[in-house]
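>>> only geometry, no sequence info:
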């Protein structure tokens, strides 16, 4: 496929207890996974991979990690609109980088209905980066870009996160290995509504992690 997967990886908090969501291609061959945010660096483990949706569920498994009391953003169950303003936050360099763009197609590469296309400045290191709307709701996860097409980026739709998590929670084998999985609660409500973008970014940055896999 004429796609480029970004080499450095990101993930976003899915639950205050330390569950993270990223792309499956980010960690599929990993034996060790560490995640880092502005607060610290922690050991994490892979709970499950959904290769079809290109999503992976991670769990921070480190005594140094202190769970957040809540998450500032919500994860949207609904599709965005063509032309809708969107933004990303990621770490293609050691400091957090903000980019703004818009949804430019309602499907992904070659008409993939599990994804959408956004026109945005994307840098190496953007895989797993959350895509948010103006209300501070996560609407997708950046997965790839089309080679030789500047600004043409694809993101997994956020509704796939709900489906993947529900499938994992219903897996009895996973329940035995991770007893807290059944208590995982997806954030549905954003507390970022009505804030200007600068304030939204300040509230968001601690909840975005660099994924270091070996």
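Now that the structure is in, tell me what you want to look at. The shown structure was predicted, so the numbers you read here are calculated from the model rather than taken from an experiment.

>>> so for the longest helix anywhere in the chain, what's the average pLDDT?
In the chain, taking DSSP state H as the definition, the longest helix is helix 159-169. Per-residue pLDDT values across helix 159-169 average out to 89.

>>> same question, stretch 32-40
Mean predicted confidence for stretch 32-40 is 94.

>>> does residue 89 really touch residue 126, like I thought?
No: look at residue 89 against residue 126 with Cβ atoms under 8 Å: they stay out of range, at 10.0 Å. To be clear about C-beta, it is placed using only N, CA and C from the backbone, and glycine gets the same treatment.

>>> neighbour-wise, which of those two wins?
A direct count of neighbours by other Cβ atoms under 10 Å for residue 89 and residue 126 places residue 126 higher, at 28 against 20.

>>> Distance check, that one against residue 101.
As judged by Cβ to Cβ, to the nearest Å, residue 126 and residue 101 stand 12 Å apart.

>>> Common neighbours of those two, please.
Residues touching both residue 126 and residue 101 (Cβ atoms under 8 Å, 6 or more residues apart in numbering) are 88, 153.

>>> Strands of this protein, start to end?
With DSSP state E as the criterion, the chain has strands at 3-4, 9-15, 19-22, 33-36, 41-50, 55-60, 74-75, 85-90, 97-105, 115-119, 130-133, 137-146, 152-157, 208-213.

>>> Residue 142 against residue 89, yeah?
No: using Cβ under 8 Å, residue 142 makes no contact with residue 89, being 10.5 Å away.

>>> Give me the common contacts of these two.
Joint contacts of residue 142 and residue 89 (Cβ under 8 Å, 6+ apart) are 129-130.

>>> Report how many residues lie close to residue 30.
Quick note: residue 30 (other Cβ under 10 Å) scores 18 neighbours.

>>> Skipping adjacent residues, who's closest to it in space?
Among residues not flanking residue 30 along the chain, residue 213 sits closest, at 3.6 Å (Cβ to Cβ, 6 or more residues apart in numbering).

>>> follow-up on the earlier one: could you figure out how far the longest helix of the chain is turned away from strand 41-50?
Counting by axes from the mean of the first three to the mean of the last three Cα atoms, to 10 degrees, helix 159-169 lies at 90 degrees to strand 41-50.

>>> Now do helix 159-169: distance to the chain's middle.
13 Å (Cα atoms, centre = their mean, to the nearest Å).

>>> For the remainder of this discussion, apply numbering that starts at 48.
Right, with 48 as the first residue, what we last looked at is helix 206-216.

>>> Give me the buried stretch members for stretch 199-206, please.
Neighbour-count burial for stretch 199-206, counted by 16 or more other Cβ atoms under 10 Å, picks out 199-206.

>>> Nice, that's everything, thank you.
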